[in-house]
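Engineer: coords below, sequence missing:
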C-alpha cells in the first residue's frame, strides 16, 4: 500500500528572511557612516583651508609659532596663537608709544612720534589692517569650527545610537534565530519520530492486509474450484433435463393435477383434493377429463371448473361448460397447464393475443395471458432456456413490406418496430424448437387452463 506523506514547509525560510533584513539594516548604517565620514573630511578640509588663510604652512614652521603651539599644548590656560601674537603687537606698541593702547591708537602715536616718515607708518597701518582682517577671519573660522564640532558630535552621537540599535537588533535576531533553530531541531526530531512510528504502523497494516489478501485469494481459488465443480454438475443436470425433454413429445398432454373427490350434480358443484397447502387460490380454473387420461390436444374435456372456496387440503369448485352426454363424476381427472401441486411451471410468452376475440391482437391481450398464468400458479420469464416448461405464442406476425427510401420518419419508425416484433417471434420459435420446449398456441393454452372463451377459438 502506498504511503502518503504531507510535504512540510521549509523551516529555514524564516531564518533566511531574518538574515536578509539584518543585511539591509547593516547596509543602510554603512552608507550613513560613509556619508558622515565624507562630511567630516570635507569639514576638515575647509578648516585647514581657513587656517591657511590666517597662517601659511611656512609660517607654521617658524620657531616662534612652534614655541607658541607647544606652550598652548603644555598649558591649557595659555592663549591661542593669534592672542599671543596680538599680545606681542601690543607690547611692541607700548614700547614704541610708552602706553598701552589699541593698534589703531598706537599707529597714531607712532605717526606723531616719528613725524613724516610715511613709509614706516604705511607699513604699520598695512600690518594693522591685515591683523584686523585676520581677526575677523579667525572669529568666523572659530564660529564655523564650533558649528562643525557640534555637527561632528551630533553625527557621532547619531552613529553611536544607530550602532547601539543595530547591536540590539542583531542580538534580538540572533536570539530569534537560536529560538527558531531550537524549535526546528525539536520539530525535526518529532517529525522523524512520527515518520518512524508511521512506517512501523503502515508496515504492520501492510503485512496484515497482505495476509488478508492472501487468505481471500486462497478462498477465491477454493470457491472458484467449487464453482467449477458445480458448473460441471449443473451442465450434467441440464444435459439430463435436455435429454428428458428430447425424449418426450412436444405435444405431450398435460399432467393431471388430481382426481374429482366429490360431485353435487344438482348444484353443479364438486370438490377437488387440493387446497391452500397446494397453493390453490380462489378463481383458479381447471379442465375435467375422463379417468382414461388427458388427450394430447387438450380437447374432449367434460367441463370446466372454477375454484370458489379454498380450504387447507380441499377446494370447492363451480362446474361450468358441462357436457350433458358425459357429466362430471368422481374419479375424473382435472388439470391446468399452468398449475402443478409440486412446483410452479415456468412459461415464456411471445407475441400479441386476442383472448376475448375483440377482433385485433393487442399488448393488453398479452398481459391477460401473463395474468392468467400467474393466477393459475405459474411463473413467467423473459429468458428462454431448458428450465422453461412451455412457450405460449400468439399468431405469427406478418413480415412488414420494405419501405421506399424517401419514406417519412414516422413510417420508418413503425416499420422498424414491426420488423423487430417479427424477428423476435421467429427467434423465439427457433430457440424453442432447438431446446425442445413445448409450444402452446392461443387455443390450446386457453383450453388447458380452463378458460371458457377457448371454445370460440379455432386452431391457429
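Structural biologist: Good, I have the coordinates. The shown structure was predicted, so the numbers you read here are calculated from the model rather than taken from an experiment.
Engineer: Flag the shaky bits of this structure, pLDDT-wise.
Structural biologist: Low-confidence segments of the chain (pLDDT under 70): 1-12, 73-83, 85, 88-89, 92-121, 123-124, 238-253, 297, 452-460.
Engineer: now the helices: where do they sit in it?
Structural biologist: For the chain, applying DSSP state H gives helices covering 13-54, 57-60, 63-74, 81-97, 103-114, 118-247, 363-375, 409-435, 442-449.
Engineer: For the longest one, name the packing helices and strands.
Structural biologist: Contact here means 3 or more CB pairs under 8 Å, 6 or more residues apart in numbering; DSSP states H and E; on that basis helix 118-247 packs against helix 13-54, helix 81-97, helix 103-114. Backbone N, C-alpha and C define where each C-beta goes, glycine included.
Engineer: ok so, going back, deepest of the helices of the chain, which one?
Structural biologist: Among those, helix 442-449 has the highest mean neighbour count (mean count of other CB atoms under 10 Å), at a mean of 25.
Engineer: Now do that helix against helix 363-375: the angle between them, please.
Structural biologist: On the basis of axes from the mean of the first three to the mean of the last three CA atoms, to 10 degrees, helix 442-449 is oriented at 30 degrees to helix 363-375.
Engineer: Check which helices and strands helix 442-449 sits against.
Structural biologist: Using 3+ CB pairs under 8 Å, 6+ apart: helix 442-449 touches strand 285-289, helix 363-375, strand 390-393.
Engineer: could you redo the last one with a cut-off of 10 Å?
Structural biologist: strand 285-289, helix 363-375, strand 390-393, strand 439-440 (3 or more CB pairs under 10 Å, 6 or more residues apart in numbering; DSSP states H and E).
Engineer: Just put the ones you listed in CSV and tack on distance to residue 45.
Structural biologist: Formatted as CSV, the helices and strands packed on helix 442-449 follow (distance: least, CB to CB, whole Å):
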stretch, distance to residue 45
strand 285-289, 136
helix 363-375, 119
strand 390-393, 126
strand 439-440, 130
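Engineer: Out of these, which gets nearest to residue 331?
Structural biologist: strand 285-289 (10.8 Å; CB to CB).
Engineer: re the thing from before, next, format the helices of the chain as TSV and append distance to residue 323.
Structural biologist: Below are these laid out as TSV (distance: least, CB to CB, whole Å):
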stretch	distance to residue 323
helix 13-54	106
helix 57-60	165
helix 63-74	165
helix 81-97	169
helix 103-114	179
helix 118-247	33
helix 363-375	23
helix 409-435	33
helix 442-449	14
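Engineer: closest to residue 400 out of these?
Structural biologist: Closest among the helices of the chain, using CB to CB: helix 409-435, at 4.2 Å.
Engineer: any idea of the angle that closest one forms with helix 118-247?
Structural biologist: 50 degrees.
Engineer: What residues of the lengthiest strand in the chain count as buried?
Structural biologist: Taking DSSP state E as the criterion, the chain has its longest strand at strand 303-310. Judged by neighbour count using 16 or more other CB atoms under 10 Å, the buried positions of strand 303-310 are 303, 304, 305, 306, 307, 310.
Engineer: Please name the bridge partners of the second one.
Structural biologist: Beta-bridge pairing for residue 304 (DSSP bridges): residue 287, residue 320.
Engineer: thinking it is in contact with residue 318, fair?
Structural biologist: Yes - using CB atoms under 10 Å, residue 304 is in contact with residue 318, at 9.1 Å.
Engineer: Spell out which residues are contacts of both of these two.
Structural biologist: Overlap of the contact sets of residue 304 and residue 318 (by CB atoms under 10 Å, 6 or more residues apart in numbering) consists of residue 285.
Engineer: Can you say which of the helices and strands packed on helix 442-449 is nearest to residue 203?
Structural biologist: helix 363-375 (60.3 Å).
Engineer: And the contacts of the closest one?
Structural biologist: Residues contacting helix 363-375 (CB under 10 Å, 6+ apart): 281-285, 336-339, 344-347, 349-358, 362, 378-380, 390, 392, 394, 440, 442, 445-446, 449-451.
Engineer: any idea how far it is from the chain center?
Structural biologist: 52 Å (CA atoms, centre = their mean, to the nearest Å).
Engineer: now that helix and strand 285-289, what's the angle there?
Structural biologist: 70 degrees.
Engineer: sorry, back to before: please spell out the ChimeraX selection for the buried subset of the contacts of helix 363-375.
Structural biologist: Applying 16+ other CB under 10 Å to the contacts of helix 363-375, the buried members can be selected in ChimeraX as follows:
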select :284,285,336,337,338,339,344,345,346,347,349,350,351,352,353,354,355,378,380,390,392,394,440,442,445,446,449,450,451
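Engineer: how near is residue 360 to residue 444?
Structural biologist: From residue 360 across to residue 444, the span is 21 Å (CB to CB, to the nearest Å).
Engineer: now swap in residue 29 and tell me
Structural biologist: 115 Å.
Engineer: Spell out which residues make up each domain of the protein.
Structural biologist: 13-191, 344-460 (automatic domain parsing).
Engineer: Now do the longest one: distance to the chain's middle.
Structural biologist: Domain 13-191 sits 76 Å away from the centroid of its parent chain (CA atoms, centre = their mean).
Engineer: That domain: end-to-end distance?
Structural biologist: 18 Å (CA to CA, to the nearest Å).
Engineer: Hmm, residue 439 and residue 350 touching each other?
Structural biologist: Yes - counting by CB under 10 Å, residue 350 does reach residue 439; the two are 9.5 Å apart.
Engineer: Give me the common contacts of the two.
Structural biologist: With CB under 10 Å, 6+ apart as the test, residue 350 and residue 439 both reach 391, 392, 393, 428, 429, 432.
Engineer: which one of those is nearest residue 191?
Structural biologist: For these, the nearest to residue 191 is residue 428 (71.4 Å; CB to CB).
Engineer: Surely the closest one is in contact with residue 351?
Structural biologist: Yes - at 8.2 Å, residue 428 counts as touching residue 351 under the criterion of CB under 10 Å.
Engineer: who touches both of the two?
Structural biologist: In contact with both residue 428 and residue 351: 391, 393, using CB under 10 Å, 6+ apart.
Engineer: Redo the domains of the chain as TSV? Include distance to residue 225.
Structural biologist: Listed next are those as TSV, based on distance: least, CB to CB, whole Å:
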stretch	distance to residue 225
domain 13-191	50
domain 344-460	25
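Engineer: Residue 216 is nearest to which of the ones you listed?
Structural biologist: Of all those, domain 344-460 comes closest under CB to CB, at 32.1 Å.
Engineer: re the thing from before, out of the domains of the chain, which gets nearest to residue 228?
Structural biologist: domain 344-460 (20.4 Å).
Engineer: From the chain's centroid, how far away is that closest one?
Structural biologist: 53 Å.
Engineer: same thing with stretch 313-324?
Structural biologist: 71 Å.
Engineer: Who are the contact partners of residue 335?
Structural biologist: So residue 335 contacts 253-258, 286-289, 294, 298, 301, 305, 448-450 (CB under 10 Å, 6+ apart).
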